[in-house]
Each structure stands twice: as structure tokens, then as C-alpha cells.
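*Asks:* Build me a structure from this.
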Amino acid sequence: MDEARAREAVVATARRTVADGLVVGTSGNVSARVGDTILVTPSGVPYDTLDAEDVTGVDLDGRQVLGTLAPTSELPTHLAVYRGTDARAVVHTHAVHATAVSTLVAELPPVHYMAATLGGPVRVAPYATYGTEELADHVLRALADRSACLMRNHGTLTHGADLEQAFHRTAQLEWMCRVWLAASSVPGSAPSLLTPGQLSQAAERLRGYGPDA
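*Replies:* Residues are numbered from 1 along each chain as shown. Model (predicted):
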């Protein structure tokens, strides 16, 4: 994708996170990689007023190379993901159910086979102040062999080959968190969980299917 189309995709995805109830106000952020440039949503700009010209560009060292607005405060985490994975796009949200789960467990239990599309049970990165290198380090470790993680008392982060895939993974993660919370709320019962073998079988069947191929 060229830079102009990528800028438009960043804006469209950011607006979609609001429309789908995954963020409120200016929380959350979106980025996409074009070559060695990271196009990222700016800090503090409401997504309903955001346009393609507002998108900021930085290099992999975080130096601003495009735009005049300051990049998101979560830039260290985005850069860590691009440096440490094969990500071409990153979506970070404050989705309600996922954030709630991040306060309860160290890992989202495998309640549904779609966990296989994220690499397995989704880990919770330990809490650290937003926008810090400490948080970036925690997130990168939680993402080892995964395309998604929860951030304790904070939200979600997913990455993918493009923004469509990264967003799809965010939506699936929020849905699985909602399922687990609903099942866990039934008195006297506990959700049944999938085994590693069952997840592996699901991963094989899902290979090449949909945006998580």
C-alpha cells in the first residue's frame, strides 16, 4: 500500500474503533508501516475530525518525518512491535470487556477456537504507565508467538499484515473476552476450556481462511 492509501486506511480504522465501541474519545491508537515509515494517529485529536493529512509519520527510531502534529503517546509500544515482529499494522484499543478481563487473569482462558488465530491463549502484559518504554517491553514479551495481547488495567493490542487483519483480531479478542466474562458469571459453574491439542487442530483448519490467513 502506498503512503496516501495507508494514511486513509489509518483514519478509517481509527474511526471504526469508535463506531464499534472499542474506544471512547481519543483513547486508543492505530498505525501502519509503509517501508521504514510508521504512519500513526496523532495525539489528542478526536477521530471524527481526523483526516489523512493529520496522520503523523515517524521512522523506526521514532524521529518524526511526516506531519506537524505530535504522534500518539503510545508510540514507544508501536515502535517496539514493528521492530520485534513482522507486523505491518497495529491497533490499540480500550475495549470494555477486554480491559475488564485484563484486571482479572494473567491470560485469557481459551474459551473459543478463534484463539488459535491469535497464536493461542492471549497473555496479559503487566501494568506499566502508558507511553513508557517499560510498557513497550511488557507488551512485546506478551506478544511472543502471538498476534494479540491484553494490557493490564489498560486495553488491547493486536497486529497484522494489514489494518484489516489487525482490526479483525481486535474485534475477535474483545468478543472472546465478552464470552469468557459471560460464562464465568454463572454461579456454581466454570467455563469449559479448549486443550492445546484442540487449539492446534483449529489452527490447522483455519489456516488460509479469512483475514487471519
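*Asks:* separation between the closest residue to Asp20 other than its chain neighbours and Val65?
*Replies:* Counting by CB to CB, 6 or more residues apart in numbering, Ala171 is the residue found nearest to Asp20 once chain neighbours are left out, at 6.7 Å. Quick note: C-beta positions are derived from backbone N, CA and C, even for glycine. Distance of Ala171 to Val65, given as CB to CB, to the nearest Å: 31 Å.
*Asks:* And for Asp86?
*Replies:* On the measure of CB to CB, Asp86 and Val65 end up 22 Å apart.
*Asks:* Contacts for the helix or strand of the chain with the lowest mean pLDDT next, please.
*Replies:* Across the helices and strands of the chain, mean pLDDT, DSSP states H and E gives its lowest value to helix 196-206, namely a mean of 94. For helix 196-206, contacts defined as CB atoms under 8 Å, 6 or more residues apart in numbering pick out Pro110, Tyr113, Met114, Ala115, Ala116, Thr117, Gly120, Pro121, Leu194, Asp212.
*Asks:* again, 6 Å this time
*Replies:* For helix 196-206, contacts defined as CB atoms under 6 Å, 6 or more residues apart in numbering pick out Pro110, Tyr113, Ala116, Thr117.
*Asks:* Please identify the buried residues of that helix?
*Replies:* By neighbour count on 16 or more other CB atoms under 10 Å, the buried set for helix 196-206 is Leu199, Ala202, Ala203.
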